[in-house]
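*Asks:* Sharing a model that was predicted from the sequence below.
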Amino acid sequence: CTMLDTILLCFFIIHVPITWMFDVQAIFNSYHPAVLRDIAEQYSVSFADPWMNPNRTAPFWFRSFVLAEVAFQFPLLLYLVYGFWTSALEVWHSAVVVSPLSLS
């Protein structure tokens, strides 16, 4: 296990709950607890981010990006966490090819 493996594993582990608890609120807002909606609203107001405000309906194009994140990026994040956690060598190909997508 190299230092890069550890850094990538930490990034992917941190990214999984953030994606599920906050990013997904743009399309599944009513299923999130009030405390998470309040945090997202506070973030939206503090940083003037209109897309992440749970009290407003995000535009269709933004919701489609979030849906793509749920459909493609989230399963990939889970796969990469598993691959780096178990030191599976075949995960490197996916990480190298798709990591730029995960960073966006």
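*Replies:* Thanks, I have the structure now.

*Asks:* Verify the stated contact: Met43 with Met52.
*Replies:* Careful, residue 43 is Tyr; it's not Met. Yes - between Tyr43 and Met52 there is a contact under Cβ atoms under 8 Å: 6.1 Å. C-betas here are computed from N, CA, C, even on glycine.

*Asks:* Same drill for these two, tell me which one is more crowded.
*Replies:* Met52 (19 against 14; other Cβ atoms under 10 Å).

*Asks:* Leaving out sequence neighbours, find the closest residue to that one.
*Replies:* Nearest non-adjacent residue to Met52, counting by Cβ to Cβ, 6 or more residues apart in numbering: Ser44, 4.7 Å away.

*Asks:* so that neighbour touches Asp38, yeah?
*Replies:* No - counting by Cβ under 8 Å, Ser44 does not reach Asp38; the two are 10.5 Å apart.

*Asks:* Those two: which has the busier surroundings?
*Replies:* Neighbours per residue (other Cβ under 10 Å) separate Ser44 from Asp38, with Ser44 holding more: 17 against 12.

*Asks:* Having no further points to raise, I will conclude here.
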